[in-house]
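K.L.:
Return a 3D structure for these sequence lines:
(one chain, ligands or ions: 1)
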Amino acid sequence: MDLADLTRDLETLRDESIAAVAAAPDLGSLQALEVDVLGKKGRLTVVSRGIGALPAEDRPKVGAVANPVRRAIEDAFRERHAVLQASALDGRLASESVDVTAPGRPVARGTLHPSIESMREIARIFGQFGFVVYESPEIEDDVTNFQLLNIPPDHPARDLWDTLYVDVPGHLLRTHTSPGQIRVMQTTEPPIRALLPGRCFRYEAVDASHGFEFFQVEGLMVDEGTTMGDLRGLLDEFARAMFGAGRKTRFRPGYYPFTEPSVAFDVECLVCGGPGCPACGRTGWMTILGAGMVHPVVLRSGGLDPERYQGFAFGMGPERIAMLRHGITDLRLFMENDLRFLEQFR
Ligand code: 2NL
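P.N.:
As a prediction, this is how the structure comes out:
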């Protein structure tokens, strides 16, 4: 081995290393190659051992050959490292980038069912007059649903065909929310301002204006000296909040076993004001609820002395209110959960 041999070996190693470095496809293989060439037991170390075998006069000249070779190899690694690092970054930027100009994905947004929306609006308006929402059981006993409300045993509502009974003797699915009002009277000292929204059940043939399952909102006010004038004033304010300011209203005689006197409460028709109207028929009036002064027998059912306390009560169907407000003509739409109907209330 002389200086010429060593120089040739070093230059061969340099050329092969530079070629291999240029071909390294990624940072991992470049690092492995670096260990292989420049590491402690790497090929450059192995070739450099040849220095020991050189004649003594050649040794001072070795540096001039070996140092440029090492530098050339190191430079090649450094440059390739920079190139690969930059392209790795480019790859991540390309694959992980976010297109901030892409259109957003719409969030599926639900809405309240129109029956619920209507009940909430009713509760909101009466809430402004101090009425508090109560809830009571959907399964009632016969006594509270009928007897305490002055509905006699032979009343048509008690017919098997109008009431859904459950297989617990003396129990049924409530046919109105009125038994809840009895429970409020039994547990609350007057003054009472109660609102009872809830689901009710009747065993009826289903048609465009009747379902076997429906919602009802009832109100009850009991205090000393409560009058029919208070009832009328309250309902006028309600009708105008719900159907528009300045709208005319009227009371007509009605009948319920639990109120005396009883009335139907009408609001000036929204659609016409004349004959042949799709909303009211021909009368110019839409009936929106039933009401009356609480029957003394019913006050006693609630544990209250009718000599001291008077009260009024009213009941309405939130679907009917919504139908009148939105011009809906088929009650069954409220129970069918057809999205084509429901999505119109967004
Ligand atoms: C209607 C009419 C009404 C009542 C409900 C009631 C409750 C008690 C005492 C007296 Cl505890 N009355 N409720 C009174 C009159 C009418 O509902 O057409 N509802 C859909």
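K.L.:
who's in contact with Arg232?
P.N.:
Phe251 (C-beta atoms under 8 Å, 6 or more residues apart in numbering). In this view, the C-beta of every residue, glycine as well, is placed from N, C-alpha and C.
K.L.:
The one 5 residues further on too?
P.N.:
Each residue near Glu237 by C-beta under 8 Å, 6+ apart is listed here: 125, 129.
K.L.:
Distance of it relative to Leu220?
P.N.:
As judged by C-beta to C-beta, to the nearest Å, Glu237 and Leu220 stand 17 Å apart.
K.L.:
Check Val184 too.
P.N.:
7 Å.
K.L.:
Pick out whichever of the two has more residues nearby.
P.N.:
Leu220 (27 against 21; other C-beta atoms under 10 Å).
K.L.:
Tell me which helix or strand Leu10 sits in.
P.N.:
Assigned by DSSP states H and E, Leu10 falls within helix 3-23.
K.L.:
pLDDT weak spots in the stretch 51-200 of the chain?
P.N.:
The stretch 51-200 of the chain contains residues with pLDDT under 70 at 157, 159-161.
K.L.:
go again using 80 as the cut-off
P.N.:
Residues of the stretch 51-200 of the chain that meet the criterion pLDDT under 80 lie in 59, 153, 155-161.
K.L.:
Which positions in it make contact with the ligand?
P.N.:
Proximity of the stretch 51-200 of the chain to the ligand is confined to 178, 181-182 under the rule C-beta under 6 Å from any ligand atom.
K.L.:
so which residue of the stretch 1-150 of the chain comes closest to the ligand?
P.N.:
In the stretch 1-150 of the chain, the residue that lies nearest the ligand is Leu149 (6.2 Å; C-beta to the nearest ligand atom).
K.L.:
tell me, what's touching Val184 and Leu220 both at once?
P.N.:
With C-beta under 8 Å, 6+ apart as the test, Val184 and Leu220 both reach 192, 194, 196.
K.L.:
What is the neighbour count of the second one?
P.N.:
It stands for Ala194. 22.
K.L.:
Same question for Phe314.
P.N.:
23.
K.L.:
Thanks a lot, see you next time.
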